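Asks: This is the structure alone, sequence omitted:
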């Protein structure tokens, strides 16, 4: 079956990375990329259909990790019920070692429940869960020392300084990172001696991240880590995540920011109504690459556009008709947000 | 491969060394937090000063040369056990359940035992500091007579048994308040009622019978009685209901509460908020 590596090479979206496998491409081959909607090349049709057919039995929009991939997380048929509510209703999910997987989904879709089962906070009703080779329901201290958790809300440690908190938590781990370096890397060097209660919302969040990575985790869970960040802080945070990934950390990220998912994630999984309804690389999520493209150009004073499944043919025809260079030519594909909303919207219609 | 950069995992540090780290961090947080420092630590000293100033020189009984201040110091030291252990933990743990402390540490390799070692250490240090302060104030201003000989031994076992029982009860009771914000409103009235009925603010023998009976079921009454045997002269035994200190009984009741506290905390302690997990 065609791997995602093939897809990435074929699309040419990502420059210069071929030999290390698809899941390493962002960490090694690229500097920070910011998504620009539209203007993406064609040529992925063949790999897409091949990959899709391989997992068609389940859901054509959910693409499983390649056979033999080294998995950090493997979830099959996960279920959790609270009273009458099926919070998690058959989640299947793979996280490949070294990748950043973004988990998207509306509030109440089962993201947090799923994540907290993987983190060992909650018990499941049904299904197989494997996190770093261990069932989280029976995770011991050794296992805990290999994972890092950044929870959604915390207001503890208000009476301790940043340095005291990070140094204290470093003591829990067998091989912690350097306290000073971690504080530096989350951008709190100037707040070293500030007490938690006196940090701003964004700084407080960075302290949470510092405590999540101080133990040098192999697998890091980030639950909406950049909520309350200003744009600059968010970008600095993205750089930090890239560095962690480059050091070999596998990251499972929950976020509401589609832009963040697109920039950081090797793959995106969308959860709705307790199931993974789509999972793929951001460029292909939900058939994004195959969906209708909008070709627009200038003709005289008017901007004209055509929606088409075959933009290349359209452009060819235009080039012939207009005789060479097409003024103001743009080909737009739906943004990740468009795709996400249509996935969620489509799903809710079924209820 | 990504995995090759990660060496084989080492065992995380043990429960007792980490418990000692927790003691340090707990103490830092306790004394930096104004609410806990004032409420659990300075309040007994303040009460001693107020009650001592108002009623201090009154004689305990006609013809007796024991003052109420001396009687009250013994009661406040017994209360100090209750403040630094039961009240402290029954309020602090629900707050920690709310603010994410408990959830955060559950996500680390720190053994859960270390958390309790930290709490026990905190209670112990806070109690020693508080008793020292109370004895100092009592000695300087209210003619408190320091214990001697066997009284020190009684002081030691009464403090230890009381601290163990009330620490365990505080850990168990931490599941009762719905949330951290509401905890003081539930916990402090209990402490107050026990103090009023157990002979802290009033002379126990002068309380109505039903109140005496009520208090006999709880540890504070016996703890207070044992502390009176430590800080009052032997002649004061005549003022006790039984006419003696009943030290054997005090120890037995406190020991029973230690066992009950252990059972209750093992049965009911919860790491998560209600409805989670």
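Replies: All right, it came through fine. These numbers come from a predicted model, not from an experiment.
Asks: so what's residue B:196 closest to, chain neighbours aside?
Replies: Leaving aside its sequence neighbours, residue B:196 sits nearest to residue B:202 (C-beta to C-beta, 6 or more residues apart in numbering or on different chains; 7.1 Å). Every C-beta, even on glycine, is put in place using the N, C-alpha and C of the backbone.
Asks: just residue B:116 next, same as before
Replies: Taking C-beta to C-beta, 6+ apart, and ignoring the residues beside it in sequence, residue B:116 has residue B:171 as its nearest neighbour in space, at 7.2 Å.
Asks: mind checking pLDDT for that neighbour?
Replies: pLDDT recorded at residue B:171 is 96.
Asks: Can you show me the helices along the stretch 1-150 of chain B?
Replies: Using DSSP state H, counting those that start in this stretch, the helices found in the stretch 1-150 of chain B span residues B:15-32, B:34-36, B:43-55, B:68-81, B:88-99, B:101-106, B:112-141, B:150-173.
Asks: Okay, buried residues for the helix or strand just after the last one please.
Replies: Yep, that's helix B:150-173 we're talking about. Heading C-terminal from helix B:150-173, the first helix or strand you meet, by DSSP states H and E, is helix B:183-197. Buried residues in helix B:183-197, counted by 16 or more other C-beta atoms under 10 Å in any protein chain shown: B:183-184, B:187-188, B:190-191, B:194-195, B:197.
Asks: Give the other helices and strands that helix B:183-197 contacts.
Replies: helix B:68-81, helix B:88-99, helix B:209-216, helix B:219-231 (3 or more C-beta pairs under 8 Å, 6 or more residues apart in numbering or on different chains; DSSP states H and E).
Asks: For chain A, give me its nearest residue in the stretch 51-200 of chain B.
Replies: Nearest residue of the stretch 51-200 of chain B to chain A: residue B:100, at 3.3 Å (C-beta to the nearest C-beta).
Asks: Give the closest residue to that residue in space, chain neighbours not counted.
Replies: That would be residue A:154: by C-beta to C-beta, 6+ apart, it lies 3.3 Å from residue B:100.
Asks: In contact with that neighbour, which residues?
Replies: A:208, B:99-100, B:103-104 (C-beta atoms under 8 Å, 6 or more residues apart in numbering or on different chains).
Asks: Those into JSON lines, with extra columns for pLDDT and neighbour count?
Replies: Below are the contacts of residue A:154 laid out as JSON lines (pLDDT from 0 to 100; neighbours: other C-beta atoms under 10 Å in any protein chain shown):
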{"residue": "A:208", "pLDDT": "93", "neighbour count": "24"}
{"residue": "B:99", "pLDDT": "91", "neighbour count": "17"}
{"residue": "B:100", "pLDDT": "90", "neighbour count": "18"}
{"residue": "B:103", "pLDDT": "93", "neighbour count": "24"}
{"residue": "B:104", "pLDDT": "94", "neighbour count": "21"}
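Asks: quick one: which of those residues is nearest to residue B:226?
Replies: Within the contacts of residue A:154, the smallest distance to residue B:226 is 36.6 Å, found for residue B:99 (C-beta to C-beta).
Asks: what's that closest one in contact with, if anything?
Replies: Residue B:99 touches A:154-156, A:158, B:180, counting by C-beta under 8 Å, 6+ apart.
Asks: what's the answer for residue A:267, then?
Replies: By C-beta under 8 Å, 6+ apart, the contact set of residue A:267 is A:99-102, A:279-282.
Asks: Report how many residues lie close to residue 91.
Replies: Chain wasn't specified; assuming chain A. When neighbours are defined as other C-beta atoms under 10 Å in any protein chain shown, residue A:91 has 25 of them.
Asks: not quite, I wanted chain B
Replies: By the measure other C-beta under 10 Å, the count of residues near residue B:91 is 26.
Asks: And the one 5 residues further on, by the same measure?
Replies: Number of residues near residue B:96 (other C-beta under 10 Å) recorded here: 22.
Asks: Can you verify my assumption that it contacts residue B:102?
Replies: Yes. At 5.3 Å, residue B:96 counts as touching residue B:102 under the criterion of C-beta atoms under 8 Å.
Asks: Make sure residue A:216 is actually in contact with residue A:177.
Replies: Yes. Applying C-beta under 8 Å, one finds residue A:216 in contact with residue A:177, separated by 5.2 Å.
Asks: Which of these two has more residues huddled nearby?
Replies: For residue A:216 versus residue A:177, neighbours defined as other C-beta under 10 Å are more numerous around residue A:216 (23 against 18).
Asks: Could you verify that the more buried one is part of a helix?
Replies: No. Counting by DSSP: H, G, I helix; E, B strand; the rest coil, residue A:216 is not part of a helix but coil.
Asks: circling back to that earlier point, please check the contacts of residue A:267 and keep the buried ones.
Replies: Among those, those scoring as buried are A:99-102, A:279-282 (criterion: 16+ other C-beta under 10 Å).
Asks: and which of those residues is nearest residue A:64?
Replies: After measuring the buried ones among the contacts of residue A:267 against residue A:64 - C-beta to C-beta - the closest member comes out as residue A:279, at 8.0 Å.
Asks: Spatially central residue for chain A, please.
Replies: With distances taken as C-alpha atoms, centre = their mean, the residue of chain A nearest its centroid is residue A:102 (2.1 Å).
Asks: and that one, what element?
Replies: Going by DSSP H and E, residue A:102 is in strand A:100-104.
Asks: same check, this time on residue A:117
Replies: In this structure, residue A:117 sits in helix A:111-118 according to DSSP H and E.
Asks: do that helix and chain B meet at all?
Replies: No. Interface with chain B: helix A:111-118 contributes nothing (C-beta under 8 Å from any C-beta of the partner chain), its closest point being 8.5 Å away.
Asks: Mean confidence (pLDDT) on that helix, please.
Replies: pLDDT averaged over helix A:111-118 gives 92.
Asks: Distance from that helix to the middle of the chain?
Replies: 15 Å (C-alpha atoms, centre = their mean, to the nearest Å).
Asks: Can you name the element that comes right after it?
Replies: For helix A:111-118, the following helix or strand on the C-terminal side (DSSP H and E) is strand A:126-131.
Asks: Contacts for that following strand, please.
Replies: With C-beta under 8 Å, 6+ apart as the contact definition, strand A:126-131 has outside contacts at A:71-79, A:90-91, A:117-118, A:120, A:135-137, A:139, A:143, A:147, A:219.
Asks: In helices only, show me those residues.
Replies: Judged by DSSP state H, those include A:117-118, A:143 as members of helices.
Asks: Pull out the buried members of the residues you listed.
Replies: Among the ones in helices among the contacts of strand A:126-131, those classed as buried by 16+ other C-beta under 10 Å are A:117-118, A:143.
Asks: Surely residue A:90 touches residue A:271?
Replies: No. Applying C-beta under 8 Å, one finds residue A:90 not in contact with residue A:271, separated by 11.0 Å.
Asks: So which of those two has more stuff around it?
Replies: residue A:271 (27 against 16).
Asks: Let's verify residue B:200: helix, strand, or coil?
Replies: Per three-state DSSP, residue B:200 ends up coil.
Asks: and it, what is it in contact with?
Replies: Residues near residue B:200 by C-beta under 8 Å, 6+ apart: B:72, B:75-76, B:78-79, B:220, B:224.
Asks: Pipe those residues into TSV and attach pLDDT, neighbour count and distance to chain A per row.
Replies: Shown next, in TSV, are the contacts of residue B:200 (pLDDT from 0 to 100; neighbours: other C-beta atoms under 10 Å in any protein chain shown; distance: C-beta to the nearest C-beta, whole Å):
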residue	pLDDT	neighbour count	distance to chain A
B:72	87	27	32
B:75	92	29	31
B:76	92	27	27
B:78	94	28	29
B:79	93	29	25
B:220	96	26	29
B:224	96	28	32
